[in-house]
Structures are given as C-alpha cells and as structure tokens.
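J.: A predicted structure for the sequence below; I have some questions about it.
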2 protein chains.
Amino acid sequence: MALIVQKFGGSSVANAERVMNVARIVTDTYKEGNDVVVVVSAQGDTTDDLIDKAKEINPTASKREMDMLLASGEQISIALLAMAIEKLGYPVCSLLGWQAGFSTNSVYGSARIKKVNAERIKLEIGKKNIVIVAGFQGLNKYDDITTLGRGGSDTSAVAIAASMHADRCQIFTDVEGVYTADPRKVKGAQKLNEITYDEMLELATLGAQVLNNRSVEMAKKYNVTLEVLSSLVRAPGTIVKEVTTMEKMLVRGVTKDTDVARISIIGVPNVPGIAYKIFGKLAAKNINVDIILQSVGRGDTKDITFTVAKAHGEEAVEILKNLDLVAGLDVVCDTEVAKVSVVGAGMETHPAVASTMFEALFEADINIQMIATSEIKISVLIDAKDADKAVEYVHNAFIPVIS
Amino acid sequence: MALIVQKFGGSSVANAERVMNVARIVTDTYKEGNDVVVVVSAQGDTTDDLIDKAKEINPTASKREMDMLLASGEQISIALLAMAIEKLGYPVCSLLGWQAGFSTNSVYGSARIKKVNAERIKLEIGKKNIVIVAGFQGLNKYDDITTLGRGGSDTSAVAIAASMHADRCQIFTDVEGVYTADPRKVKGAQKLNEITYDEMLELATLGAQVLNNRSVEMAKKYNVTLEVLSSLVRAPGTIVKEVTTMEKMLVRGVTKDTDVARISIIGVPNVPGIAYKIFGKLAAKNINVDIILQSVGRGDTKDITFTVAKAHGEEAVEILKNLDLVAGLDVVCDTEVAKVSVVGAGMETHPAVASTMFEALFEADINIQMIATSEIKISVLIDAKDADKAVEYVHNAFIPVIS
C-alpha cells in the first residue's frame, strides 16, 4: 500500500465524460490498495471564461477580487469529480485549498505556498476516503483566498506530496510523458523512462511545457518522485527524480522555443560599466534577459546582442533608446528567431555534444546566430524558419531513430 | 449615519449591466454616510446550470458535494459585484459565507444558521470598506461548506442584520414592494407602505413569493426592520415590522396559490383516532397538510378532505391506499383547484371580513369548496379556472380601486 498524489489539469476534466474517465483512473489506483489524494484544476476554459466576465465589468479589478473569482473554478471541478467517484461507488471527500491546509503569502494572483497543514487530508484518508483537493488556491494570513498563478495546480500537488511524504506524485497531462523532442513534429522522438529534476527544469524552461517549473523546483527540494503520464492512455509515463540510473542517453531532449526576440545594439562605446547600465535598466523594468553576446571591442566601439521574450521586445528597445549611452545608436529587434537546445546531465564532461550539435546544424545548412551553454544544456539561436528542421537534425544526431 | 444591510437576488445581478446597477445602488447608500453590508445570490441561472452539470455526472450525488458545488455560484457574484464597486472608485471587500462568520448545522442542502460571528465584517467596516457577503452559504462544525436552501440569501441578510443590530435590512427584488394583490393581474392592486411580520408571513406562505418565510420569521424574532423594494426602480418599498401604525386598511392583501391538490377520502369509518392515523402517516412521510375539512359523521361513516402541495398529491394518495383503515375506500385527488386568501392583522375582530369575501365570490359566481380561517387570514379553496377572477373580485371588495 502506498500514498499516491494524482494531479489532473483542466483539459482532463473538461466535460462530464472526461470527469468520469478521471474518476476511473483514481478509483483504479484506490482499488489496488493505495491511499489517494487527487489535485484538480478548473474545468477546461472555466478560468478564461471567469476572466472574461471580470473584464466586462472592470478590466483593472483588484487581484484580491480576481482570486476570489477564479478560485470558484476549482471548487466546481472538485465537487464534480467527487460526484463522479460517488457514482462509481467509492468513498470520497472534496476539499477547497484552505480546507486542505494550504497557507500562502499574500501576493494575490501568484501566491507562494508557505505551508501545507495536511491534518484534514489525513483525517479523511483515515476514514478511507479518496480526497479531492482544489489546486491552484490557498489562504493567506488574513483568511483571504489566494491563487498560485499559472500552473499552480502542479505545485499544489507536489506540496501535498512533500508534506505527506507521498510515495509518488503523478502529474496527468495530455501527453504520455517527457519526450526527447516534440513527438508531433519529430519522427523518432522517444519517451524517456526517467529524467533528473535539473534536466526537467531545463526542458521546462526551454518550452517543453509539460510541467510547471516551480513544481519541479519544489519536487527537487523535497525529493518528491514525480511521474508525468497521460490521462487518456493507460501507460507508464516518465519518472522525474534526483538521480537516474537506467538510461545511458547523454542527451535527454531537444527543444525549440520561438518566444524569443533578439535585440542588437550596434557601436556601443567600449568603456567599462556599459553592460551593467544596460542590463540593470532592463532588470529594473522586470525584463528577463536570456542569452547575451558581446562582440570583442574593435577600437572604441563594440556590439551587444541579447534575447528577451517576444512580448518584451519592443519595450526593451524603447528603454534602450531612452538611455543616454545608447542614444543615437542603432537598436535592432528581430523577432523571427528561435532557440534550439539540447539538454542532458552528462553533457559537461562530454565536449563532443557541442560539436555533434554544430555538425548537425551544418549538415542542415542552418546558420547559428548565437550560442549559450550551461552545465546541462547547449542552446543556439537561429532563424525561426529553420527551427523545426534544426530540431529534427539535432535530435537525429543524438537519439537513435527507431522506425 | 446608519448600518444598512442590502440583499440582491440572482436576477438583480444576472449580467454585467445589472451588476453595475447594483453597484450604483450600493455606493449611493454608502455615499450618504451609511455603513453598508451587501448580501448577494448567485447570478441569474448559475445555480440551475450547476445543478445540470452535477446531474449529467451523478443524479444522486451526495448533498455535501452538491453544497460544495453550488456555493461557487455566490463566490462568483460577490467577486464581480466587488469589482463593479471598485470600478466606481469605492473601497470594498467580498467575503464568503464562512469568512463572514456564518456557522450552520450540518443539514446539507437546507442548513440552519446557528450563529453569525460578525467580527470580520466589523473589521472591514472599521476600514471603511463596503462589505459584500455571499448569501445562501455557511460552514458546519466539520469545517465543511453548507447551503441554506431556496431563498437562503434572504435569511443570510436578516441574520447579519440581526447579529449586527442593523438599522434596516433592505431586500431588493424585481417588484417595488408588497402589493395588495399581484399587480400584473389585478387592476388597482396597491403597494403597501407597511405590513407586520405576521401579515408578511401569511402572504409569503400564500404564494406572494416576495420574501422567504424563514427570513421573515427570523426578522420577527430579532426585530429586524425589513424593507422590500425594487432594484430597478428607485422608490421607497414596503416596510415590514412588528407593529404598523399608518394604514387603516383592514385587509393587507389578496393572494392565490395554485400549487394545491385536494384529496378526499369518502366513507371513512366514524370511529375515534381516524384523523390521527391518517395525518400521522402523512406527517411521517414529510407531507405537509394545509386545509383540513371533515364532514359531520352521518351514521357510521364520514368524509375527510384536505389539501397538500401539488407535488405531494399522488404520493399522499398512494400512502392512504396502503392504509388498512382506508383500504377499499374511494380516494380522490383533484389538482385543478386554487386557494385564494385575504390577509390582514385586524381581521379577527371584524367578522364582516368573511362575509364581504363570500359575497364577492357569490357575485363572481364562484363556488367555494373549502374554507379555512386563522387570526389574520381567510382562505377558500375554489376551482383553479376561477382563481384570477376570484382574486380580482375579492380584492376590489376590500381595496379601494384607484384608477
């Protein structure tokens, strides 16, 4: 007998039929003799519908009232899932975030979990109930409802698993696990059986969109074993844990991210402190800078190039143009770029990874604009139009194609 | 400066435009220097939509989970109304039933309020906030969400008014107050300026459908001054209080109720204990019996006739047929009947009321099937097809027609 935490996203409970499907997965797990705690998000488009209702009345409503509004979405889905489980004849109890013991800070809209007091959950499990918990929500010290922000239900699930020392935290999605590349795009993309937290973090950051980053960080911190698996296909998924042993694959995955804008400042004075002044200004405006490349100064000028999220491209250009140091210089913003990355924990001790990647891009006749490396990844910036081709060539260079 | 509790029903907040209208009523009251606590129901058809969602998954879902589901409706409406008030530039804070201090018993679906601990409401009023409270909901001793049943938001409003000793509890509806008869049907129906709790109770029971009965009982018990008024027309409504002084009208109103079935048992043995056995059995099955008429026994049999709500008609007949005493006797159920009543506190000391009513029905050529009287009302049972005509004739016999 084990304690299993299962999390289902909004698309998994989008309608009555899917709610029943989830109820069957949950009760099958319970039937095997496990204690089961289930975390659910709001159904399908509920959250977006509620946001539309709010905007019609007040587009600048306070975040406190937005959280009050949005938290109703999960309240609906936990009750419906509990009813579906009752229909299958199993004992069940739904709990709101605050009933399940979620204390958060007071940053409405993106609150951080401070503590999960799992007393009530334990009480219900003691009564042999399947426990359904509203994800995404908690209570601050003023007894006001807070929400955790996008992807918050993943974090809710991991937090419960951590506080209850669950044997496993299963994150059900619409894919069967974590793949070496997007299986809809790359022939031969393979499902990974295992992956480390750090690798998963890199893959998430790089646009794999399987797991919310905060939840992976929390899982790593509290050593919660995650499993990413499908709510539609009954098959083992991908296990995320500290150390993986079974697989020898050096590269875990190849990702692309097209939400990138490349900004170049041409002919910046070659004097000390310039990078600090530029990037300090952007940081002050909450603009995250990713890859940075600075040309070797020739004479008294140099060029600085960096990437930001597409949505921040124009704003960054405006900020730079208002900077004394940059005034009058050419500031170019290119949004037709993509970042392609290979991720794998063993990479740092294998210099051949970088050369294999570059060779694959050369064979694909793709020009590399920028390169960035870390201990477990190599990213290149290329033309957006080449992105899919690049992923395919790089993927095939690393991952054996099974056809 | 006064403390005013205002309650708005589901149709008053059915869409964005109506929510803004309510926000204007509330902020106008606040602007005059009053402290304002607002109780809101779920928007328009939200509750029915949620019930449909539940039925699709499990038509026999537990009441605990139904309450969890339904309570989300008011959560949405309080947040939206708070946002509308923010938009008008006033300080506001929405509270769920449990945040507002509503403790109830554990009868899910129709819980009774045990206590309102108004500490949090007082705290928010102390900060000069307009306070918006979710009606219809509370928390039981297990920390589980309960709902108060149909019309529960009226009761929520009165409970807050009682616990905070509010100066007035305004119940906003889609009519301008309590009328002497249904103004859509009876020409010359007049709005009453004042009415007593007891009169209001009789009118509510008799189908006037303006105020929930439980809320009037609670208002009477705690001496809360109610006002029934329109959320669409800005005009004084009807004040409901212990003693009215201003009006001399003997009869406060004429109502009809077509939700009635008349059941007759013909030829019951004329022995002691028969009424106890019949009505005890019906009470055990939670069937409320209204008017009872027993013929004077002739020889060894008598006839017993009584009325129940239409929905209970067939069930009552079945129960009776299975009763030894009744076995083999004729049990007749007629659903084509209506109850027409006149209500007024001074009635008991004015025997002319009954004769005036009967004369009016005679003039309208309407046959009276049954008669029942209490201290403040006289009801007659007639053919359903005659109901509107009866109301008109009786109303005109008592209330001067202003044309």
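T.: That came through, no problem.
J.: any idea what sits nearest residue A:53, other than its immediate chain neighbours?
T.: Leaving aside its sequence neighbours, residue A:53 sits nearest to residue B:80 (C-beta to C-beta, 6 or more residues apart in numbering or on different chains; 6.3 Å). Just so you know, the C-beta spots here come from the backbone N, C-alpha and C atoms, and that holds for glycine as well.
J.: The one you found: what's it in contact with?
T.: Applying C-beta atoms under 8 Å, 6 or more residues apart in numbering or on different chains to residue B:80 gives the contacts A:53, A:54, A:57, A:69, B:13, B:16, B:19, B:43.
J.: just checking, residue A:275 touches residue A:304?
T.: Yes. If you go by C-beta atoms under 8 Å, residue A:275 and residue A:304 touch, sitting 7.1 Å apart.
J.: Need the residues touching each of those two.
T.: Common neighbours of residue A:275 and residue A:304 (criterion: C-beta under 8 Å, 6+ apart): A:292, A:294.
J.: one step back: please tell me which one of the contacts of residue B:80 counts the most neighbours.
T.: Highest neighbour count within these, by other C-beta atoms under 10 Å in any protein chain shown: residue B:13, with 29 neighbours.
J.: Look up phi and psi at it.
T.: Dihedral pair for residue B:13: phi -120, psi 30, per degrees, to the nearest 10.
J.: For it, give its distance to residue B:193.
T.: Residue B:13 sits 27 Å away from residue B:193, going by C-beta to C-beta, to the nearest Å.
J.: Specify the residue ranges that define each domain of chain A.
T.: Per the record, chain A has its domains at A:3-173, A:261-334, by automatic domain parsing.
J.: Figure out which of those is closest to residue A:399.
T.: Proximity to residue A:399 (C-beta to C-beta) singles out domain A:3-173 among the domains of chain A, at 21.3 Å.
J.: Just the endpoints, please. Distance across the closest one?
T.: 20 Å (C-alpha to C-alpha, to the nearest Å).
J.: How far does that domain sit from its chain's centre?
T.: Distance of domain A:3-173 from its chain centroid, counting by C-alpha atoms, centre = their mean, to the nearest Å, is 18 Å.
J.: Check stretch A:290-307 too.
T.: 31 Å.
J.: Any buried residues in it, and which?
T.: A:290, A:291, A:293, A:302, A:303, A:304, A:305, A:306, A:307 (16 or more other C-beta atoms under 10 Å in any protein chain shown).
J.: what's that stretch in contact with?
T.: Applying C-beta under 8 Å, 6+ apart, the contact partners of stretch A:290-307 are A:260-270, A:274-275, A:278-279, A:289, A:308, A:337, A:339, A:370, A:372, A:379, A:381.
J.: Show only the entries of these found in strands.
T.: Judged by DSSP state E, those include A:261-269, A:289, A:308, A:337, A:339, A:370, A:372, A:379, A:381 as members of strands.
J.: Can I get the buried part of those as one ChimeraX selection?
T.: A single ChimeraX command suffices to select whichever of the ones in strands among the contacts of stretch A:290-307 are buried according to 16+ other C-beta under 10 Å:
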select /A:261,262,263,264,265,268,289,308,337,339,370,372,379,381
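J.: Could you pick out the residues of the stretch 1-150 of chain A near chain B for me?
T.: Proximity of the stretch 1-150 of chain A to chain B, by C-beta under 8 Å from any C-beta of the partner chain, involves residues A:16, A:19-20, A:50, A:53-54, A:56-58, A:60-62, A:64-66, A:68-69, A:71-73, A:75-76, A:78-80, A:82-84, A:86-87, A:93-94, A:96, A:99, A:120, A:143-145.
J.: Could I have the buried ones of these as PyMOL selection syntax?
T.: Remark: buried members of the residues of the stretch 1-150 of chain A next to chain B, expressed as a PyMOL selection using 16+ other C-beta under 10 Å:
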select buried, chain A and resi 16+19+20+50+53+54+57+58+61+62+64+65+66+68+69+71+72+73+75+76+78+79+80+82+83+84+86+87+93+94+96+99+120+144+145
